[in-house]
Each structure stands twice: as C-alpha cells, then as structure tokens.
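Colleague: This is the structure alone, sequence omitted:
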C-alpha cells in the first residue's frame, strides 16, 4: 500500500513539473533575435549619434578611402548621404534582390539597426 502512495505522489510531481514546463515555455520563447532587443528608438536617429557609429562598426572597415569597393564610402557624411538617399544603401543592408548583401560575408544587420538607417534616410539623411 505504501508503494502505491509513493508512486502516486511521484506521478503527481511529474505531472506538476510537466504542467509548469508547458505553461512557462511559451512565455520564454521568441521567434527571432530582434524580439529580444530593447525597444528600438526611431525618433531620435541622428547622423553623429546613431548612423556614424553603425557605419564605423559595420561598414567602414571596407568602405573607407580610395580603396573602397566601387568607390562606395561610408566613412563620411557626404558619400554616405548620397547612397542613403538612393535605394543602394537600404537595398544592400536589407539583402534585397539585385543588390550586394552588406556587410559582405556577414549576417544581416539586426532589424532595429536597419530601421534606424531607414528612418534617417527617409527624413532626407540630415547631417545632425
């Protein structure tokens, strides 16, 4: 009789653990890395505070100076704003068909970063 009581308690414990696991697992899952990032600020995107640091971290290693591929430079405002105001910058960072995916040989920039660049370009790529 004692064995049945212990077995029943063991089964109840397993069921309780399974229930907690099933209920809590969806709350901890995410469909993408982008959802794990904090809120993305698209209102305060400036060239000096947001865009230039993104370019420095993700683009300038290749797209600097006279040796920049296809003379596409991201290390200065004048050149970057020119490609930002065309479809070339967004096409490349969004990995759109017909554009060379950038950063070359690297994963696509996260959604917030791409959205910040798009927000800056959409308002005319100001030098702020």
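Modeller: Thanks, I have the structure now. These numbers come from a predicted model, not from an experiment. Numbering: from 1, shown residues only.
Colleague: Could you list the single helix or strand in this protein with the lowest mean pLDDT?
Modeller: helix 2-28 (a mean of 57; mean pLDDT, DSSP states H and E).
Colleague: what about the helices in this structure?
Modeller: Assigned by DSSP state H, the helices in the chain fall at 2-28, 52-58, 77-85, 88-93, 111-122.
Colleague: who's in contact with residue 96?
Modeller: The neighbours of residue 96, taking Cβ atoms under 8 Å, 6 or more residues apart in numbering as the test, are residue 90. Every residue, glycine included, has its C-beta placed from N, CA and C.
Colleague: For it, report the pLDDT, please.
Modeller: In this prediction, residue 96 carries a pLDDT score of 96.
Colleague: Residue 113 too?
Modeller: The model's pLDDT for residue 113 equals 97.
Colleague: just for this protein, where's the confidence low?
Modeller: Low-confidence regions of the chain, defined by pLDDT under 70, span residues 1-14, 16-38.
Colleague: Quick check: the residue nearest the centre of it vs residue 54, distance?
Modeller: Among the residues of the chain, residue 110 comes closest to the average C-alpha position under Cα atoms, centre = their mean, at 1.2 Å. Between residue 110 and residue 54 the distance is 10 Å, computed by Cβ to Cβ, to the nearest Å.
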